[in-house]
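*Asks:* based on what follows, work out the 3D shape:
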Amino acid sequence: MSPPPTDPAGPAAPPATWPTRHWQPLPDGRVRCDVCPRHCALRDGQRGLCFVRRNDGGRVVLTTYGRSSGYCIDPIEKKPLNHFLPGTPVLSFGTAGCNLTCTFCQNHDISKSRQMDTLQQTAMPDTIARAAAALGCRSVAFTYNDPVIFLEYARDAAIACRAAGIKTVAVTAGYITPAARPDFFEHIDAANVDLKGFTERFYSKLCTGRLGAVLDTLRYLRHETDVWLEITTLLIPGENDGPAELSALSAWIADALGPDVPLHFSAFHPDYRMQDKPRTPFDTLSRARRIATEHGLRYVYTGNVHDEAGQSTRCHRCDAVLVGRDWYTLTRWGLDAAGRCQRCQTPCAGVFDAVPGTWGARRQPVRLERYAR
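*Replies:* Here you go, the predicted structure:
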């Protein structure tokens, strides 16, 4: 792949389309996109299910390169990442579209958008890296919609950020092919993978996807890369919150990935095409956390609820509070400069600075035009 593009002189509009990899021609004249396991076969002018990758004269192009639904500085804990530079600000952005069809999507205004006017802001990769540095962000997150579908834009931004000393984060469902995985994750520093459920029935019925492909991505990240990995599961009443399923999910993580991978159980609220389900009861989250802990997972959290105990990090040996949290605000710091428990010197898995960040719970929308050259 060519080096990441530099910015045009001034805040000029990005190109209308961008060349991609991971596709091949088919004998019938169509082309097949091989970025995700859907392998969409496209006629000339046709878009894939993701809506942003299109057959343009016999090649697959990306139609959202350099375009975003908006840029915002978030707390890193909102991704959620609890063991990656706690307390620091992360410059976050997404584009439009998605390669899954989740009926419960809580970012559906972005991920399900079929309108290019959703993408009202623009920034080339170098601009993103410069802006993150100027704004004091330790990292940039590809989030809000799945960055797998804007692989080339995310990859080039990650390359530019790494050159500027800025780390990058992918918030993804992990629905990507084995061929595209190395290309996507090569320059990524951390990932939160959305493990939406632990049955093929759930993925087929509610996401029109396959569980096995996501599990393969999790194994790849854990065992074949240096990417810091955390996992989130949104618990939907009556769909993926049964004790047997949660036990199987927790046992698989412990066995296949190891006890140090943080797991976040988040509360569902009615949204998009799933308005008939109630909010996730707090007791369901607590039970899920208890089940996962009983299977040996050391760092299990609750999300989308106020639960200081369930959102704080504790030492797995002496139970001391290592990182206290109240929503996205840090309330206590019990790690030494080497990332060990101050009480018993047991290392805590993760990527930590010697001192925590102080960004807090702020959310700050920003525009990046001023950082373009």
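*Asks:* quick one: S250 is in a strand?
*Replies:* No - read with DSSP: H, G, I helix; E, B strand; the rest coil, S250 is helix and lies in no strand.
*Asks:* could you number the chain from 423 rather than 1 from now on?
*Replies:* New numbering, starting at 423: the last item is S672.
*Asks:* report the contact partners of it.
*Replies:* Counting by C-beta atoms under 8 Å, 6 or more residues apart in numbering, S672 touches 685, 713-714, 716-717, 719. Bear in mind the C-beta positions are built from the backbone N, C-alpha and C, glycine included.
*Asks:* equivalent analysis for F774, please.
*Replies:* Shown in contact with F774 (C-beta under 8 Å, 6+ apart): 505, 507-508, 757, 761.
*Asks:* buried subset of the contacts of S672 as a ChimeraX selection?
*Replies:* If you want just the buried ones from the contacts of S672 in ChimeraX, going by 16 or more other C-beta atoms under 10 Å, the selection is:
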select :685,713,714,717,719
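*Asks:* tally of neighbours for the residue lying closest to D466 once chain neighbours are set aside?
*Replies:* In this structure, D466 finds its nearest non-sequential neighbour in N477, 5.3 Å apart by C-beta to C-beta, 6 or more residues apart in numbering. By other C-beta atoms under 10 Å, 24 other residues sit near N477.
*Asks:* over to G587?
*Replies:* When neighbours are defined as other C-beta under 10 Å, G587 has 10 of them.
*Asks:* same deal with Y575?
*Replies:* Around Y575 there are 27 residues (other C-beta under 10 Å).
*Asks:* what does the one 4 residues further on give?
*Replies:* Using other C-beta under 10 Å, A579 has 28 neighbouring residues.
*Asks:* isn't it right next to I550, touching?
*Replies:* Yes - counting by C-beta atoms under 8 Å, I550 is a contact partner of A579 at 5.0 Å.
*Asks:* picking up where we left off before, could I get the contacts of F774 as JSON lines with secondary structure, distance to D748 and neighbour count?
*Replies:* JSON lines is the format used below for the contacts of F774 (DSSP: H, G, I helix; E, B strand; the rest coil; distance: C-beta to C-beta, whole Å; neighbours: other C-beta atoms under 10 Å):
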{"residue": "H505", "secondary structure": "coil", "distance to D748": "17", "neighbour count": "24"}
{"residue": "L507", "secondary structure": "coil", "distance to D748": "18", "neighbour count": "24"}
{"residue": "P508", "secondary structure": "coil", "distance to D748": "13", "neighbour count": "24"}
{"residue": "L757", "secondary structure": "strand", "distance to D748": "18", "neighbour count": "23"}
{"residue": "G761", "secondary structure": "coil", "distance to D748": "22", "neighbour count": "16"}
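*Asks:* closest one of the residues you listed to I653?
*Replies:* Distance to I653 across the contacts of F774 (C-beta to C-beta) is lowest for H505, with 11.6 Å.
*Asks:* run through the bridge partners of the residue nearest to the spatial centre of the chain.
*Replies:* In the chain, the residue lying closest to the centroid (C-alpha atoms, centre = their mean) is V593, at 0.5 Å. Following DSSP bridges, V593 is listed with bridge partners N614.
*Asks:* any idea how far Q446 is from it?
*Replies:* As judged by C-beta to C-beta, to the nearest Å, V593 and Q446 stand 29 Å apart.
*Asks:* that older thread, residues that sit against both of A579 and I550, list them.
*Replies:* V562.
*Asks:* how about the helices in the stretch 673-795 of the chain?
*Replies:* According to DSSP state H, counting those that start in this stretch, the stretch 673-795 of the chain carries its helices in the segments 704-716, 730-733.
*Asks:* could you export those helices as JSON lines, including distance to M696 and mean pLDDT?
*Replies:* JSON lines is the format used below for the helices of the stretch 673-795 of the chain (distance: least, C-beta to C-beta, whole Å; pLDDT from 0 to 100):
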{"stretch": "helix 704-716", "distance to M696": "16", "mean pLDDT": "98"}
{"stretch": "helix 730-733", "distance to M696": "24", "mean pLDDT": "97"}
